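Student: Could you work out the structure for the sequence below:
(2 chains)
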Amino acid sequence: MSADPTVPVTHGATALAAPSSPSRAADLRTRFAAVEQAPGAPKPDPIVVADGVTRHFGGMTAVDVDHLEVERGAITALIGPNGAGKTTLFNLLTGFDKPSTGTWTFEGRSLSGVPAAKVARSGMVRTFQLTKALSRMTVIENMRLGAAAQPGENLGRALLPGLWRSREREITEQAEELLARFKLDAKRDDFAGSLSGGQRKLLEMARALMSKPTMVMLDEPMAGVNPALTQSLLGHIQALRDDGTTVLFVEHDMHMVRHISDWVVVMAEGRIVAEGPPESVMSDQAVIDAYLGAHHDTDLGDDSLLTDDVTTALEGKP
Amino acid sequence: MDWTRILTNVFGELLAPTTAAYALAAVGLNIHFGLTGLLNFGQAGFMLLGAYGFAISTIAGLPIWAALLVAIACSVVFALILGIPTLKLRGDYLAIVTIAAAEIVRIVGRSTALTDLTGASSGLRGNSYKESFQALSPFPDGTTDIGPLSYSNNASNSWWIRLVGWALVALACLLVWRLTNSPWGRVLKGIREDEDAVRSLGKNVYAYKMQALVLGGVIGAVAGIVYVLPRAVQPDSMGRPMTFFVWTILLLGGAATVWGPVLGSMIFWAALMLIKSVMRSTVPDTVMRTEQIEQFGWIVVGVTLMMLVIFRPQGLLGDKKELAINVR
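Tutor: Here you go, the predicted structure:
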């Protein structure tokens, strides 16, 4: 960028969003270069492997995934039109819903039929599309709740503070560190309900990190977040990957997907229709047809589009 | 109007064993509702089971500590039976099941088939099970006057039951205070607000809800024992109205607070006594007879509860930001 040096332009936010560790991203790029760009492609070092996962709601098939592998230590995006089954697949993998058929493993251990709490304890922690910050608890209490291995969460030991005070101090310290990283430290003692929508997303993500998970699953982390916060959220997600955490996220914001993901999985009507690195998957004809639509690059608010041949073409589409 | 007598009555009500029993039951309900968000509409069932468990096993010849254990065991089993099928479902199911289960306990207790055991609808006479409790009293027999209050030392509605009842209330409050400020209590507060969020953080929500249901139920059972020690076990006096009084007390004092249930119980019973005593001495018989005044007292309670929900949904001691009745 050739900005006039006399004009003080702050690129801080943009800089955050750029790959914070180029070597890590490059390393992943070479790893993914050998991966076939097809649905269900095997990965060099998969952390999640799912087979034959289906979920029916009455006569409707919400999810029908033959095979899916998620690479360890990478940011994988799960995209697809509304109703493609992304969130349902998320719910199945994290134990919040039971599949009609199918099995999957996480770090080699089978997780099918394992309840949600146990899935989280095994290191796969999720966030929700509709933020679930506990708004009647303070920010710091929200954070503390995310921590694992607090003996005071046992009814008997809760009565003897001596048994859990020291762990509580550790947890609080870790929570304060994370809050500072997510710029929420000023809100430490506020009720989570008083935070803005974007701050709640940040809080939810920070809380999920309290248990030091090996994999985080983010369901639409950008929904309802204002652009200023988006940049720092992107930065946080990349920082997670650079620390070795695997990230799988569902997102609608194409810009974000293109920007930070190492690998993209496209779903439509419950099935995986394409996989690949973000640059190439976006130009895949199957993806364009299924998801973006033939006119994804045209501004529908543009009056010049309302000429006869364009409208005929649009209406002619099934 | 004899104000000295009225005020003595009201003051007596503040310390009455019944007030202590209701405070204790409300502390139990506070663990269910205030802390965990469980809608238990069968607290009277826990109390009645505790009362039956204690009275029947004492009559059968068990020592007091064993009778107490039987009462606690009854409430634990009752809580498990209620919790196993419902705690995995939405909150409303627990409400439906508990209110029905409490009625089942009462109706089974008063059925003639069990006359030998429970005394059916006439219940169990107090004198048949009070002996072992009164024998524990360190006080000599007789009557003691403290200020305007005069009660027997040990028999029935005694100083001894007051002492034990309020000591139990203090103990239960201490327990709740310790637990609310512990990581265990934090998990419960999380569950109260959003189970799925807590589940996603790796906590076994079902187990926590069960622990809360059992713990609150056990406190309810002990409350039932305190309630019946100065009187008799009468199944029909421990039905749905009792559950609703416990709820009123909890909401009046403030759910999710440590002292709310205690303050609520004291105000509830003292206010009721005040209204009734004042009306009895001022309203002429031609306007309202004594039994009508009794009914009118309950009408006032109902109106008060409505006002409370409208104007102070968090109760007297509650924090509106944390928990209010009208928001879930």
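Student: rest of the way, CA atoms for contacts and neighbours
Tutor: Will do.
Student: Quick check: what element follows the helix or strand harbouring residue A:275 along the chain?
Tutor: For residue A:275, the host element (DSSP states H and E) is strand A:271-276. Where DSSP H and E defines the elements, the next helix or strand beyond strand A:271-276 is helix A:278-281.
Student: Now the next helix or strand along the chain from that next one: buried residues?
Tutor: As assigned by DSSP H and E, the chain's next helix or strand after helix A:278-281 is helix A:285-287. By 16 or more other CA atoms under 10 Å in any protein chain shown, the buried positions in helix A:285-287 come out as A:286-287.
Student: which strands and helices sit next to helix A:285-287?
Tutor: strand A:271-276 (3 or more CA pairs under 8 Å, 6 or more residues apart in numbering or on different chains; DSSP states H and E).
Student: Alpha carbons of the strand it packs on, in PDB - could you do that?
Tutor: Extracted C-alpha coordinates of strand A:271-276, given in PDB (Å, rounded to 0.1, in the frame of the first residue of the first chain):
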ATOM      1  CA  ARG A 271     -24.600 -33.300   1.100                       C
ATOM      2  CA  ILE A 272     -21.100 -32.100   0.700                       C
ATOM      3  CA  VAL A 273     -20.800 -30.900  -2.900                       C
ATOM      4  CA  ALA A 274     -17.300 -29.600  -3.000                       C
ATOM      5  CA  GLU A 275     -14.100 -29.200  -1.100                       C
ATOM      6  CA  GLY A 276     -11.000 -27.200  -1.800                       C
END
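Student: Okay, strands next: where are they in the chain?
Tutor: Going with chain A. Ranges of strands within chain A are A:46-57, A:60-71, A:75-79, A:101-106, A:109-110, A:124-126, A:215-219, A:246-250, A:263-268, A:271-276, based on DSSP state E.
Student: my bad, the chain I had in mind was chain B
Tutor: Using DSSP E, strands in chain B cover B:143-146, B:149-152.
Student: Pick the most buried one from the ones you listed.
Tutor: Of all the strands of chain B, strand B:149-152 has the most neighbours on average by mean count of other CA atoms under 10 Å in any protein chain shown, namely a mean of 15.
Student: which residues are contacting that one?
Tutor: B:8, B:12, B:141-145, B:157-159 (CA atoms under 8 Å, 6 or more residues apart in numbering or on different chains).
Student: And the strands of chain B: which comes nearest residue B:70?
Tutor: If you check each of the strands of chain B against residue B:70 by CA to CA, strand B:149-152 wins as the nearest, at 28.4 Å.
Student: now that closest one: mean pLDDT?
Tutor: Model confidence over strand B:149-152 averages 89 on the pLDDT scale.
Student: Enumerate the residues of chain A near chain B.
Tutor: Proximity of chain A to chain B, by CA under 8 Å from any CA of the partner chain, involves residues A:116-121, A:125-127, A:132-137, A:141, A:145-148, A:150, A:152-155, A:158-159, A:161, A:208, A:211.
Student: Generate a PyMOL selection restricted to the buried subset of the residues you listed.
Tutor: Remark: buried members of the residues of chain A next to chain B, expressed as a PyMOL selection using 16+ other CA under 10 Å:
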select buried, chain A and resi 116+117+118+119+120+121+125+126+127+132+133+134+135+136+137+141+145+146+147+148+150+152+153+154+155+158+159+161+208+211
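Student: Show me the residues of chain A next to chain B that map onto helices.
Tutor: Among the residues of chain A next to chain B, the members falling in helices (DSSP state H) are A:116-121, A:141, A:145-146, A:155, A:158, A:208.
Student: Next, the contact list for residue 39, please.
Tutor: Just going to use chain A. Contacts of residue A:39 by CA under 8 Å, 6+ apart are A:67-68, A:265, A:272-275.
Student: Please refer instead to chain B.
Tutor: By CA under 8 Å, 6+ apart, the neighbours of residue B:39 are B:32-33, B:91-92, B:94-95.
Student: Which pLDDT value belongs to residue B:4?
Tutor: Looking at residue B:4, its pLDDT is 88.
Student: give me the number of residues near the nearest residue to residue A:257 once chain neighbours are set aside?
Tutor: What sits nearest to residue A:257 in space, not counting adjacent residues and going by CA to CA, 6 or more residues apart in numbering or on different chains, is residue A:77, at 6.5 Å. Per other CA atoms under 10 Å in any protein chain shown, the neighbour tally for residue A:77 reads 28.
Student: Show me what residue A:77 bridges to in the sheet.
Tutor: Note on residue A:77: beta-bridge partners residue A:249, residue A:264, judged by DSSP bridges.
Student: any idea how far it is from residue A:260?
Tutor: Distance, residue A:77 to residue A:260, using CA to CA, to the nearest Å: 9 Å.
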